[in-house]
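**Q** Pasting the sequence and the predicted coordinates here, then a few questions.
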Amino acid sequence: MNEDVAQQARLADVALPVPLPRALTYLIPPKLSDAVRPGCRVLCTLGARRIVGVVVAVRESVNVLPKGAKPLLSVIEGISLPDDLVVFLSRLASYYLAPIGEVIRLALPPADKDAAEAIEELSLFPSAKGISSRKVRWVVPTDAVETSVTAGASRILAHVRAHGALPLARLSAQFGGARGAVKKLRELGLVAIEEREIVRDPFFASAVARDTELAPTVPQQTAMNALAEALVPTSGAATFLLHGVTGSGKTEVYLRAIARAKELGRGTIMLVPEIALTPQLVSRFRARFGDAVGILHSGLTPRERFDMWMRLRAGEVDVAIGARSALFAPVHALGLVIVDEEHDSSFKQEEGVRYHARDMAILRAHMLGGVCVLGSATPSLETEHLSRTGKATKLVLPDRARAQEMPRVEIVDLRRIGAGPTGDRKISVLLHRAIEETLEKKEQTILFLNRRGFAPSIRCEGCGELASCPHCTVALTLHKKKGGTMRCHWCDYEASLPLTCKTCSSDRIALEGLGTEKLEETLNAAFPKAIIARLDRDVATGKDVDKVLARVRSREVDILVGTQMVTKGHDLPFVTLVGVINADAALSIPDFRASERAFQLLVQVAGRAGRGDTPGRVLVQTYDPDHHAIKFASRHDVNGFIERELRDRKELAYPPFSRMALARVDSLDEKEAQDATAMLARAARQASRAGELGAVTVLGPTPAPIAKVRNRFRFRVMLRSSSRESLRAAAMAMYAASTELPRSVRLTLDIDPVGLL
Ligand code: ADP
Ligand code: ZN
Ligand code: ZN
């Protein structure tokens with residue numbers, strides 16, 4: 001190829017579904033010149049293979065071609081990512097030192113099976129081909145003013161106007177002669193008929209009545225005004241912390257902000273911790289916006305997910321709600337990104353690309369000149385720090401929306417208060433009495449216990465040995481279901497409960513501790529007339545959660561027992577008693593964020609009490625009543641806690657006053673894992689000495705707190721620095737050094753780690 005041609009050539013950087021750190025560069029042949037754009041899918045060659053990739057950038061070649069650049073073979077029609085999303089994903093990949101191919105996959109709709117079977121690579125970069133389009137007819141009200149119509153047609157018109165668009169089939173099922181009436185209405189221009197992709201979605205199974213805006217409280221109005229102003233496109237990018245106590249009406253503020261964004265022609269992404277746990281929230285959004293909301297959740301079939309993706313991409317639906325991955329929804333003209341319960345650790349992805357959806361939400365909104373709203377009753381210290389350093393504007397809702405009092409919190413000192421009638425110390429006499437009183441008043445109780453299963457540990461009283469998983473350094477938990485099995489919560493190991501100890505043959509096997517399963521059983525025995533339900537991963541996933549909560553809401557259930565699933569934002573007006581069985585469990589985790597996590601959990605679960613007309617009461621049982629997290633939580637003193645905790649963090653130079661990166665290494669061979677970690681630590685130390693920006697503290701190699709999982713030995717190196725650039729340089733040095741590791745060693749780099757286990 002001569003210089004002239006080279007100078008005119010256009011190049012495409014293509015993300016491929018292979019673990020390469022960077023996109024590869026290809027030549028754009030002139031015949032594809034118009035078709036190749038960022039976000040489109042292309043067929044290219046990689047070695048001897050043909051492979052489908054996504055174009056992340058298009059550029060003109062500067063004088064010389066990159067060596068060995070090959071031409072693109074073709075453009076694959078169908079799905080393409082919007083430009084802004086591609087730029088965002090590239091930034092994300094670079095920040096987390098994650099392979100661009102893996103990052104792009106986060107944003108693509110689900111694979112189409114037929115295509116996947118045809119070409120292996122297509123399972124990674126799915127094709128639209130083979131997904132037949134199935135459409136139904138919708139009746140959409142117009143703005144036309146009605147002339148005289150028949151009574152039947154008028155009823156249907158009123159119904160459609162009240163609900164927004166509805167499928168014709170649904171109207172036919174509901175009204176006699178609907179088809180004829182709709183035909184007439186259409187001729188009069190009062191409704192239009194639209195063909196739409198069908199959406200089969202459990203969240204839409206039942207109709208939801210339309211609601212109207214609530215008259216805001218003064219603080220709500222202030223917050224709404226600030227957001228409305230910021231949403232005007234000429235205002236530029238802005239980040240807000242919406243700090244509202246539990247029950248202060250944050251949702252109404254979100255709803256108004258979304259409505260405002262709609263008026264301005266801007267789309268919204270709203271992230272919630274776990275969509276399955278928030279059916280109530282979803283129905284509130286549907287009540288306000290009708291079916292023009294895209295709910296993205298794990299219960300969708302690939303087909304439904306694909307349909308929703310296409311509708312969002314086409315701008316037919318301009319609000320996407322979902323868990324962290326909804327951050328990558330292809331929302332048209334995105335202008336608002338909301339993160340509800342922003343303190344929740346589920347926003348951090350702990351596998352594959354380890355991104356933090358809250359941090360990236362700020363980035364995504366910022367890149368579009370949009371607005372990011374981070375809402376919580378217990379803001380994370382990171383977000384609070386943003387507001388204190390001028391990077392986010394704080395909006396405060398100080399009181400409950402309907403002027404209910406905050407619940408009274410009492411600390412029960414388990415060192416001094418004995419067991420109640422059940423004989424179990426974890427059901428203290430005070431808690432027992434409170435449950436009794438609540439039952440007598442026909443009100444409801446929530447009991448929060450962060451251990452699932454029956455007994456968290458199984459010990460031989462002969463030799464003192466604890467039953468542990470043969471594959472992990474983890475104690476086994478007894479689950480009573482199926483006659484009693486011991487289970488490891490880290491791998492799938494299961495074994496039946498032995499009759500005698502395998503070490504000393506003693507038959508004195510003791511079950512220690514209290515899990516939700518046993519708590520439920522004990523309460524059933526103690527309160528035989530009460531209806532008790534349990535909410536944890538063993539009994540409820542997906543839609544079952546909704547069922548359990550619906551039973552609580554209809555007052556069929558007297559006592560709800562559960563793990564942190566019960567602490568989420570449920571609005572259950574007849575719950576007047578909340579009991580925290582053991583507040584210390586969350587404090588004993590070896591993590592500098594343990595206090596923060598425990599505090600948030602306590603305030604959130606306490607916030608479930610007294611949301612109706614009767615004041616609530618909270619009992620917090622603990623062996624450590626003087627711990628600051630427990631004390632501040634019992635006074636609902638969020639600001640006091642934040643003040644104290646920020647001071648501690650600053651002293652120890654922990655985040656948010658520094659940044660961290662964690663290298664985790666694991667291997668089947670202990671020595672190999674340790675040596676590999678030592679090598680990475682050396683590389684990081686060298687890089688940090690060479691750097692001139694600021695010191696990086698390199699801690700390690702050390703064994704991980706859980707030293708072995710699934711037979712793999714785990715070691716780690718922790719980096720910490722107050723300089724983002726220095727930290728990045730050291731992390732990149734480890735990344736570069738990792739190419740020399742044997743293949744039997746696995747490395748995961750975690751930038752801004754959250755879970756340290
Ligand atoms: P949060 O998300 O802050 O915990 P919610 O948004 O769930 O609070 O609101 C708590 C309750 O207060 C809900 O039942 C909601 O309908 C009600 N509420 C919110 N705003 C208002 C208002 N302005 N007037 C009356 N009730 C309100
Ligand atoms: Zn023994
Ligand atoms: Zn295990």
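**A** Received, thanks. Ligands and ions are numbered 1, 2, ... in the order given.

**Q** So E77 belongs to a strand, correct?
**A** Yes: membership of E77 in a strand is supported by DSSP: H, G, I helix; E, B strand; the rest coil.

**Q** Could you give the number of residues near it?
**A** Number of residues near E77 (other CB atoms under 10 Å) recorded here: 12. Backbone N, C-alpha and C define where each C-beta goes, glycine included.

**Q** Distance-wise, check it relative to A510.
**A** 66 Å (CB to CB, to the nearest Å).

**Q** Then H432?
**A** H432 is 24 Å from A510, by CB to CB.

**Q** If I look at the closest residue to ligand 2 within the stretch 551-700 of the chain, what pLDDT would I see?
**A** Going by CB to the ion, ligand 2 is nearest to S588 of the stretch 551-700 of the chain, at 25.7 Å. The model reports S588 with a pLDDT of 83.

**Q** burial measure for it, as a count.
**A** Neighbours of S588 (other CB under 10 Å): 11.

**Q** and it, what does it touch?
**A** Applying CB atoms under 8 Å, 6 or more residues apart in numbering, we find S588 in contact with A594.

**Q** The biggest helix by length in the chain packs against which elements?
**A** Criterion DSSP state H: the longest helix present in the chain is helix 670-690. For helix 670-690, the packing partners by 3 or more CB pairs under 8 Å, 6 or more residues apart in numbering; DSSP states H and E come out as strand 659-667, strand 696-709, strand 712-721, helix 724-737.

**Q** again, only using 10 Å
**A** If contacts are counted by 3 or more CB pairs under 10 Å, 6 or more residues apart in numbering; DSSP states H and E, helix 670-690 sits against strand 659-667, strand 696-709, strand 712-721, helix 724-737, strand 746-751.

**Q** buried sites along it?
**A** Under the neighbour-count criterion of 16 or more other CB atoms under 10 Å, helix 670-690 has 670, 672-677, 679-685, 687-688 buried.

**Q** repeat for stretch 517-532
**A** The neighbour-count check on stretch 517-532 (16+ other CB under 10 Å) flags 517-523, 526-527, 530, 532 as buried.

**Q** which residues sit in contact with D344?
**A** 271-274, 323-324, 357-358, 376, 378, 380, 564, 568-569, 600, 604 (CB atoms under 10 Å, 6 or more residues apart in numbering).

**Q** what about the longest helix of the chain, average pLDDT?
**A** Here the average pLDDT along helix 670-690 is 91.

**Q** what angle sits between it and strand 746-751?
**A** Helix 670-690 runs at 40 degrees relative to strand 746-751, counting by axes from the mean of the first three to the mean of the last three CA atoms, to 10 degrees.

**Q** CA-only coordinates of helix 670-690 in CSV, if you can.
**A** Provided in CSV are the C-alpha atoms of helix 670-690 (Å, rounded to 0.1, in the frame of the first residue of the first chain):
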residue,chain,number,x,y,z
GLU,A,670,-0.6,-22.0,48.1
LYS,A,671,3.1,-21.3,47.5
GLU,A,672,2.5,-20.2,43.9
ALA,A,673,-0.3,-17.8,44.9
GLN,A,674,2.0,-16.3,47.6
ASP,A,675,5.0,-15.9,45.3
ALA,A,676,2.8,-14.3,42.6
THR,A,677,1.4,-11.9,45.1
ALA,A,678,4.9,-11.0,46.4
MET,A,679,6.0,-10.3,42.8
LEU,A,680,3.0,-8.0,42.2
ALA,A,681,3.7,-6.2,45.5
ARG,A,682,7.3,-5.6,44.4
ALA,A,683,6.2,-4.2,41.1
ALA,A,684,3.8,-1.8,42.9
ARG,A,685,6.5,-0.7,45.4
GLN,A,686,8.9,0.0,42.5
ALA,A,687,6.4,2.0,40.6
SER,A,688,5.5,4.1,43.7
ARG,A,689,9.1,4.8,44.4
ALA,A,690,9.6,5.9,40.8
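
**Q** Run the chain-centre distance for that helix.
**A** Relative to its chain's centre, helix 670-690 lies at 33 Å (CA atoms, centre = their mean, to the nearest Å).

**Q** ok, the residue nearest to R593 when sequence neighbours are not counted to V75 distance?
**A** Counting by CB to CB, 6 or more residues apart in numbering, R593 lies nearest to V754, which is 7.4 Å off, once chain neighbours are set aside. In this view, V754 and V75 are 39 Å apart by CB to CB.

**Q** repeat for V620
**A** Where V75 is concerned, V620 sits at a distance of 61 Å (CB to CB).

**Q** The two - which one has more neighbours?
**A** V620 (24 against 18).

**Q** close enough to count as contact, G189 and V149?
**A** No: G189 is not in contact with V149 according to CB atoms under 10 Å; the separation is 11.5 Å.

**Q** Neighbour count: the two, which is higher?
**A** V149 (16 against 13).

**Q** and the chain, what are its domains?
**A** As given by automatic domain parsing, the domain ranges for the chain are 3-124, 135-197, 218-397, 408-452+515-649, 457-512, 659-751.

**Q** averaged over its residues, what pLDDT does the shortest one have?
**A** Looking at domain 457-512 alone, the average pLDDT works out to 90.

**Q** so how many other residues sit close to whichever residue of the stretch 251-400 of the chain sits closest to ligand 1?
**A** As assessed by CB to the nearest ligand atom, ligand 1 sits closest to T251 within the stretch 251-400 of the chain, at 3.3 Å. Using other CB under 10 Å, T251 has 20 neighbouring residues.

**Q** tell me the SS of it?
**A** T251 - assigned by three-state DSSP - is helix.

**Q** If you average the pLDDT over stretch 36-45, what comes out?
**A** pLDDT averaged over stretch 36-45 gives 91.

**Q** so when I look at P498, I'm seeing a strand, right?
**A** No: judged by three-state DSSP, P498 forms no part of a strand; its state is coil.
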